[in-house]
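Enquirer: Quick one, what's the 3D model for this:
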Amino acid sequence: MGNLPEETEWLVGRRSELAQAARLCERSRLVTVSGVGGVGKTRLARRVAAGLQPQFADGAWWVELSPLSDGSGLVYALAEALALADQTTRPLLEVVAEYLAGREVLLVWDTCEHLVEDCRQAAATLLTVAPRLRILATSRRPLGLHLEEVLGLDPLPVPALEAHGGGRSGRGARGVSQGGDDGDGGGGS
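Expert: The predicted structure is shown next:
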């Protein structure tokens, strides 16, 4: 159950970080994978969430935040990802919180850096009312909640030029594709 994106790309050179992220998600209710743009946060989060999904009776749900221009759309993105519809006049965050309160769910919030304050507030509210909720976030900077565990993701090392053809120029000489977000705005950073 859930809406995780299909994993179609390789994850190269991140075995240790993948295991560490999974361990953090098992012991902490809020984990943020943090690092510079293009380092692979989104891809790592997809892989971690796919591996953890069977542990969540009510599913793992992907919430793409990159299209949002400000925090006013955050709660709507959450409700849409969870396929919630509410016809009342209640605040939507209250509806989402009520829905999650009795469920065992993993929410993956991708690309939080431009909404850090809004994500922090929403996470604090949801984690308070939903004791079996876990949130895995990707962001260029941590959300800043006291219960947050942060996994810093560094760029992959680039092999020495001598090991890959001496002084060749071009993409082949530079070596490693970091297997991360392309920075093309298509989901993640």
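Enquirer: quick one, what contacts the residue nearest to Asp118 when sequence neighbours are not counted?
Expert: Spatial nearest neighbour of Asp118, excluding adjacent residues (Cβ to Cβ, 6 or more residues apart in numbering): Gly71 at 2.9 Å. To be clear about C-beta, it is placed using only N, CA and C from the backbone, and glycine gets the same treatment. If you count contacts by Cβ atoms under 8 Å, 6 or more residues apart in numbering, Gly71 has them with Leu115, Glu117, Asp118, Cys119.
Enquirer: Any stretches of the protein with poor pLDDT?
Expert: Across the chain, the ranges flagged by pLDDT under 70 are 160-189.
Enquirer: quick one, helices of it?
Expert: 15-27, 41-52, 74-81, 92-101, 116-129, 171-174 (DSSP state H).
Enquirer: Pull out the buried residues from the contacts of Gly71.
Expert: Leu115, Asp118, Cys119 (16 or more other Cβ atoms under 10 Å).
Enquirer: In terms of distance to Gly152, which of those ranks first?
Expert: Cys119 (17.7 Å; Cβ to Cβ).
Enquirer: Correct me if wrong: that closest one contacts Cys112.
Expert: Yes. Using Cβ atoms under 8 Å, Cys119 is in contact with Cys112, at 4.5 Å.
Enquirer: got any residues that touch both of these two?
Expert: In contact with both Cys119 and Cys112: Leu65, Ala137, Ser139, Leu143, using Cβ under 8 Å, 6+ apart.
Enquirer: So which of these belong to strands?
Expert: Ala137, Ser139 (DSSP state E).
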